[in-house]
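J.: Show me the folded form of this:
(chains A, B, C and D)
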Number of protein chains: 2
Amino acid sequence: MASDVKSLPPAQEAWGLLSRLFWEMRPRMLRVAGEFGLTPPQLFALRQLDPAQPVPMRALAQALHCDSSNVTGLVDGLEAQGLVERREAEHDRRMRMLVVTERGAAVRSRLQAAMQEVPEPLAALSSEDQRTLRDILRRALG
Amino acid sequence: MASDVKSLPPAQEAWGLLSRLFWEMRPRMLRVAGEFGLTPPQLFALRQLDPAQPVPMRALAQALHCDSSNVTGLVDGLEAQGLVERREAEHDRRMRMLVVTERGAAVRSRLQAAMQEVPEPLAALSSEDQRTLRDILRRALG
DNA sequence: CAGCGGTAGTTGAGGTTGTCAACTGTTGCC
DNA sequence: GGCAACAGTTGACAACCTCAACTACCGCTG
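T.: Numbering: from 1, shown residues only, chains lettered A, B, ... in the order given. Model (predicted):
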């Protein structure tokens, strides 16, 4: 029954292992979001925003692969916590530029640090494996 | 500004690249769920269930990292589509065993195949890179 | 065997996410 | 000026998710 695992193509087996890794990281994401008083979608939204460069809400909607009307509510939440501000755009009064506040940038930074923490299974690899893994992923995604 | 990217520890850079890969796979997951008439949580639930071995709902809740009451509604949906059945447990009448129906197993199988399809960036790697990647991930997660 | 603590699952309240359709205000172009 | 297109909001509606309260059941212990 389990013997056919051996016959999987290498890339497919690798992808399966990666899927498992990500599934196992889900609780951590939920925990981090909770620690910062954010819901997961709010966390993704804040992570997506760049404190150094305001973007219109439309851009955030595209980045999150969701409807604009959804972003309205999401930003409402972030704005209510003082993490983000809606600012009028210079040359187009239809747009509202999303500006990450100072407090928002601080939260985002700590949040990023928590999310970027290397998962145990990868951290346990040898230095050489870590470097090789990085090199391969650079070739794939760089 | 971007120069500090080079100074990232290999494992952390690798993890960052993997995070990006998974984020990019999100649309595919949403599409697959839609194609089978499932919502993403329902997809995860069905994927989690083993057609060969019924489990109590409690086990599914733990596997999904969510509350039991949530699973009630999730299973309601799957059951309404004839993909899953609630069956009484043999020796403990508190439990309801979740049984994947024949139709459920068929859907689950096609769904798994779609999700297991190797993402483009990994598929584009050389055969050697693919094998090396698999070997490293086996060491990390095997 | 009666009772008691603990467990499995459901229900209902309340808040968030997400989509779609309809709407307002604005822009760019003919 | 007029008009199609765009940005964002609103409202309706469905789903998700948690918590607290509840029912039914188990197992143990006195």
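J.: what about the helix or strand where A:Arg139 lies and chain B, touching?
T.: Assigned by DSSP states H and E, A:Arg139 belongs to helix A:127-141. Yes: Helix A:127-141 lies within reach of chain B by C-beta under 8 Å from any C-beta of the partner chain, at A:127, A:129-134, A:136-141. No exception for glycine: its C-beta is placed from N, CA and C like everyone else's.
J.: Where is the longest helix in chain A?
T.: helix A:10-35 (DSSP state H).
J.: now the residues of helix A:127-141 next to chain B: which count as buried?
T.: Buried members of the residues of helix A:127-141 next to chain B, scored by 16 or more other C-beta atoms under 10 Å in any protein chain shown, are A:Asp129, A:Gln130, A:Arg131, A:Thr132, A:Leu133, A:Arg134, A:Ile136, A:Leu137, A:Ala140, A:Leu141.
J.: Name the member of the residues you listed with the shortest distance to DNA strand C.
T.: Among those, A:Leu141 lies closest to DNA strand C (C-beta to the nearest atom of the strand), at 23.7 Å.
J.: host element of the residue minimising distance to the centre of chain A?
T.: In chain A, the residue lying closest to the centroid (C-alpha atoms, centre = their mean) is A:Phe44, at 5.0 Å. Remark: A:Phe44 resides in helix A:40-48, with elements defined by DSSP H and E.
J.: now the angle from that helix to helix A:10-35?
T.: Going by axes from the mean of the first three to the mean of the last three C-alpha atoms, to 10 degrees, helix A:40-48 is angled at 100 degrees with respect to helix A:10-35.
J.: for helix A:40-48, what is the average pLDDT?
T.: The average pLDDT for helix A:40-48 rounds to 98.
J.: re earlier: for the helix holding A:Arg139, which outside residues touch it?
T.: Helix A:127-141 has contacts (C-beta atoms under 8 Å, 6 or more residues apart in numbering or on different chains) with A:122, A:125, B:9-11, B:13-14, B:17-18, B:20-21, B:121-122, B:124-125, B:129, B:132-133, B:136, B:139-140.
J.: now stretch A:68-75
T.: For stretch A:68-75, the external contacting residues (C-beta under 8 Å, 6+ apart) are A:Pro41, A:Gln42, A:Ala45, A:Met57, A:Arg58, A:Leu60, A:Ala61, A:Leu64, A:Val84, A:Arg86, A:Leu98.
J.: Enumerate every residue touching A:Gly77.
T.: A:Thr39, A:Gln42.
J.: tell me the SS of it?
T.: When classified by DSSP: H, G, I helix; E, B strand; the rest coil, A:Gly77 comes out as helix.
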